[in-house]
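Participant: Sequence plus predicted model, see below.
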Number of protein chains: 2
Amino acid sequence: MARPSGSDAGVTGPRVHAAAERLFARSGYAAVSMRQIAAEVGIGAGALYHYTPDKQTLLRRLMLDHLKDLLSAWAEADPGGDPITRLDAFARFHIRFHLDRPDAVFIAYMELRSLDPDNFSAVEARRKCYEAIPETILRDGVAAGRMRLADPKVASVALIAMLTGVNTWYRDGGRLDRAAVEGIYADLAMGLVGARRGAG
Amino acid sequence: MARPSGSDAGVTGPRVHAAAERLFARSGYAAVSMRQIAAEVGIGAGALYHYTPDKQTLLRRLMLDHLKDLLSAWAEADPGGDPITRLDAFARFHIRFHLDRPDAVFIAYMELRSLDPDNFSAVEARRKCYEAIPETILRDGVAAGRMRLADPKVASVALIAMLTGVNTWYRDGGRLDRAAVEGIYADLAMGLVGARRGAG
DNA sequence: GTCTATAGGAAGATAGAC
DNA sequence: GTCTATCTTCCTATAGAC
């Protein structure tokens, strides 16, 4: 039987996080007020402080949760094996993951500067873990003679930037569906690392 | 002979724009106050309004000036000729231009959402002009059989995202100098479009 | 061209009733 | 667990003196 009033602990908390995620992504952390977040949830501004000590902690929580999800999802998706197989899997994984969570991704990339120094360090450390994934794959690929890269480090950040860019233009119902986009980017990734037959 | 006091019209105006550019890039439009901008210039907050009608117009001015510079600089740098030559020139131009103006570039990419609808339309129109440049080059390259791309449109936005990413990590005095970075990215661009001999 | 002062509003966060 | 009311601070923008 339902509680007397609008209680439901364990339900409002996630709704606060979801509302903050949506609003931060749309307007930016600094431009969103606690009152707006409360209104989106359907509670008063004062009640928000039962779910977060302050606005900054809300942002940190969103960022860290997102990066934790990202890292554990790749641990699950990583096929291992040869570098070409792993690169294909990584490119497709990155596209899928990013298209599925546009708001969280947008915040993670755009609001780093809104973090307090301590929170920034915590987030940056996890970001670096993710960036190390393609770098390892590319170094292995070069070492195995399957990829040709003057600088695997630069190539790996270039790869991530290229893949992440999908979120700036992809919309459901457009010219291409997700599977098609995934395939196109996986193919571009192969060319990027010199693992595709060229046209010379 | 110098004017009596801290006058110097035609000098404070540009300083206001420069201060706004630096601060908007560092902290974001919404997080920067007119008082901060004034303090950076060394004047009172009230005096700012002799140089801009409001904060939003300051942002629009920065964005439109940047995009005007970008488009005219490419018009100057475009070598014409065959698609491979033009792609190499475009990649190098984009890297150079972006590394030379990190603040303006950062604002142009991050603060689109801070623009009023009318200002957004004006800026977006110029952005599309720039995005059309690599798209044309890639289509010509595919038509000439010099590039291999399943989707030149997606490849061109992927290319721009990859190149623009340089601003997230490059710092003067690091492991690589600008010329080296330019060369690495130009090479990656060739691979991306399938115009480089692969390692297969 | 810059200053000080201020109008008018909205922000983050807290207190205490229910 | 949520509400209303409020404290305190900061904001954009304007007015008028010099």
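Facilitator: On my side now, so go ahead. Numbering: from 1, shown residues only, chains lettered A, B, ... in the order given.
Participant: Show me the shaky parts of chain A.
Facilitator: For chain A, residues meeting the criterion pLDDT under 70 lie at A:1-9, A:197-200.
Participant: let's go with 80 and repeat that
Facilitator: A:1-9, A:196-200 (pLDDT under 80).
Participant: So which residues on it come close to DNA strand C?
Facilitator: A:32-36, A:45-46, A:49, A:53-56 (Cβ under 7 Å from any atom of the strand). Where C-beta positions appear, they are placed from N, C-alpha and C, glycine not excepted.
Participant: one more time with 10 Å, if that's ok
Facilitator: Residues of chain A found near DNA strand C (Cβ under 10 Å from any atom of the strand) are A:5, A:29-39, A:44-50, A:52-58.
Participant: Just those: which are in helices?
Facilitator: A:34-39, A:55-58 (DSSP state H).
Participant: quick one, domains of chain A?
Facilitator: According to automatic domain parsing, chain A comprises the domains A:1-52, A:54-192.
Participant: Span of the last one from start to end?
Facilitator: Just to be clear, that refers to domain A:54-192. The first residue of domain A:54-192 is 43 Å away from its last residue (Cα to Cα, to the nearest Å).
Participant: what about that domain, distance to the chain center?
Facilitator: Here domain A:54-192 is found 7 Å from its chain centre; the criterion is Cα atoms, centre = their mean, to the nearest Å.
Participant: near DNA strand D at all, that domain?
Facilitator: No - Domain A:54-192 lies out of reach of DNA strand D by Cβ under 10 Å from any atom of the strand, never closer than 13.9 Å.
Participant: start to end distance for stretch A:169-183?
Facilitator: End residues of stretch A:169-183 are separated by 16 Å (Cα to Cα).
Participant: I should have written stretch A:135-155 there, sorry.
Facilitator: Using Cα to Cα, one end of stretch A:135-155 lies 8 Å from the other.
Participant: Buried by neighbour count: which residues of that stretch qualify?
Facilitator: Neighbour counts over stretch A:135-155 (16 or more other Cβ atoms under 10 Å in any protein chain shown) mark A:135, A:137-142, A:146-149, A:151-155 as buried.
Participant: contact partners of that stretch?
Facilitator: Contact partners of stretch A:135-155, identified using Cβ atoms under 8 Å, 6 or more residues apart in numbering or on different chains, comprise A:82-84, A:86-87, A:90, A:156, A:159, A:192-195, B:176, B:181, B:183-185, B:187-188, B:191, B:196, B:198-199.
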